[in-house]
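Q: Predicted coordinates and the sequence they were generated for:
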Amino acid sequence: MEKLGVDRIVAGDVYIEDHLRYMERLATSVGAELAEPLWGMDPAELLYREIEDGVEPLVIGSRRELSDWVGAVLDSGNVDRFVEAARRCGFDPLGERGEYHTIVLRGPLHRSRLGYSVLGVEVYGGYHILRVV
């Protein structure tokens, strides 16, 4: 980042203190300012706002408890059920603690939707992973 002349880092942390501290150290080490615009916001509200703003996330991995959602595209028609399922499991609706992971297929800054093909689902230590190309 020093070689690129980075003077500002924008990160999307919400409440994980250890990650915030890591990003602060990283920014300091390269002489950059750190911006964390989502810090302290409500995770469920953020997920709803992402969907409203046109973000189209595909769930590509999850802990066993949410494995029924692997391969699902979150949208306005199912996000309520997803948030309820996450909360029933004691999970963060945004997956901030690694409960699930997504890939964004479409968003406000995308020129077009990301295409993909599903190769299958694999399980590693109770974590379900969607294999896509």
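A: Great, that's in hand.
Q: which residues does the closest residue to Ile51 other than its chain neighbours contact?
A: Distances taken as CB to CB, 6 or more residues apart in numbering place Val79 nearest to Ile51, at 5.1 Å, with adjacent residues excluded. Placement of C-beta: from N, CA and C, glycine included. The contact partners of Val79, by CB atoms under 8 Å, 6 or more residues apart in numbering, come to 47-48, 51.
Q: For the residues you listed, give me CSV that also has secondary structure, neighbour count and distance to Leu66.
A: Shown next, in CSV, are these (DSSP: H, G, I helix; E, B strand; the rest coil; neighbours: other CB atoms under 10 Å; distance: CB to CB, whole Å):
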residue, secondary structure, neighbour count, distance to Leu66
Leu47, helix, 21, 13
Tyr48, helix, 16, 18
Ile51, helix, 18, 17
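Q: Dump these to CSV, plus pLDDT and distance to Leu20.
A: CSV is the format used below for these (pLDDT from 0 to 100; distance: CB to CB, whole Å):
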residue, pLDDT, distance to Leu20
Leu47, 98, 20
Tyr48, 98, 23
Ile51, 98, 25
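Q: From Ser62, how far out is the residue nearest to Ile51?
A: 15 Å (CB to CB, to the nearest Å).
Q: and the protein, what are its domains?
A: The chain breaks down into these domains under automatic domain parsing: 1-41, 43-132.
Q: most packed of those domains?
A: Comparing these by mean neighbour count (mean count of other CB atoms under 10 Å), domain 43-132 comes out on top with a mean of 15.
Q: the helices in the protein, which residues?
A: 17-30, 43-52, 79-88 (DSSP state H).
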